[in-house]
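Participant: predicted coordinates and the sequence they were generated for:
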Amino acid sequence: MDKLEEILLAVEGKKSLPIDRTQWPVIRLISFKTFNRSDYHRIRWFQSKISEFFQVQLIAIGGGYGCTKISFAVEARTVAEAQRFILTMLGSEEFRNLGVEAEFRVAISNEPYIRSDLKTGKLELSEAAKDKKVVNVTAQEVLLMGKDTNITKIEGGVSNSNLAIGSGSNTLQLNHQPEFKALIELLHDMRSTVDHDSSISPAKKQEAKEQIEAATDEAKKEKPKKSLLKLYAESLKSIDSISSSAKKLLVVLGVVA
């Protein structure tokens, strides 16, 4: 049975939920921040995407406070298939991108030992892992590109302009996204509406406020993740008093509500 909700409650109480014994192989994902219940939907999204892309189930079985650690049992049609997934996924760019979007930063397998920095693509492998040829072409390319680059060129301005950062012929273009200001204002109004809505049960009201706060925090980031904001908006559509506002959120995000 998946214990994600219990794990996040334990983390909020600065405790750990012991890992149950399982016949399935286990991977551990670590964030560089402390999660709380507002992260629930993001982690569920991550689990659903892993199932969709890799045809395995990640079942949360334990975790702890600090740089939040969540251990997942890897369930597939057979144990052998689950083990093959572990041997390939830590070097997979798709897996790393999903992990980073869920705000995990490190993935670890103990049998064999593989440690993947999800953000940089750098891998630490035991001899047993090397013998099984875990590192795939994608991961090797990421490692080659992981070298430090001196920034020699900065161009740009202020609000509603673009910023270009580069070295030599390599330039990264960062675009200002003014639509997130409107999104934050809309979320603020939704929070006020929920606060004064007496038709919502206390539990539902608390859950909605946590989702709104999580969406607001995400929208304020330098590089907000639209996929997470869409997830929050879809969930908030179920509340009558803010359903129309949640649909407006989806429109702002470029989704037909």
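Facilitator: Right, received. Where do you want to start?
Participant: contacting residues for the residue lying closest to Ala10 once chain neighbours are set aside?
Facilitator: Distances taken as C-beta to C-beta, 6 or more residues apart in numbering put Leu17 closest to Ala10, at 4.5 Å, once the chain neighbours are dropped. The way it works is simple: take the backbone N, C-alpha and C, and place the C-beta from them, glycine included. For Leu17, the contact set (C-beta atoms under 8 Å, 6 or more residues apart in numbering) comprises Lys3, Glu6, Ile7, Ala10, Gly62, Gly63, Gly64.
Participant: repeat the analysis, applying 7 Å as the threshold.
Facilitator: By C-beta atoms under 7 Å, 6 or more residues apart in numbering, the contact list for Leu17 reads Lys3, Glu6, Ile7, Ala10, Gly62, Gly63.
Participant: including secondary structure, could those residues go into CSV?
Facilitator: Rendered in CSV, the data for those read as follows (DSSP: H, G, I helix; E, B strand; the rest coil):
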residue, secondary structure
Lys3, coil
Glu6, helix
Ile7, helix
Ala10, helix
Gly62, strand
Gly63, strand
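Participant: so how far is Ile108 from the residue nearest to Ala10?
Facilitator: Counting by C-beta to C-beta, to the nearest Å, the separation of Leu17 from Ile108 is 17 Å.
Participant: one step back: and the contacts of Leu17, which of them are buried?
Facilitator: Buried subset of the contacts of Leu17 (neighbour count, 16 or more other C-beta atoms under 10 Å): Lys3, Ile7, Ala10, Gly62, Gly63.
Participant: show me where the stretch 101-250 of the chain has its strands.
Facilitator: Shown for the stretch 101-250 of the chain, the strands assigned by DSSP state E, counting those that start in this stretch span residues 106-110, 113-117, 123-125, 153-156, 162-167, 170-175.
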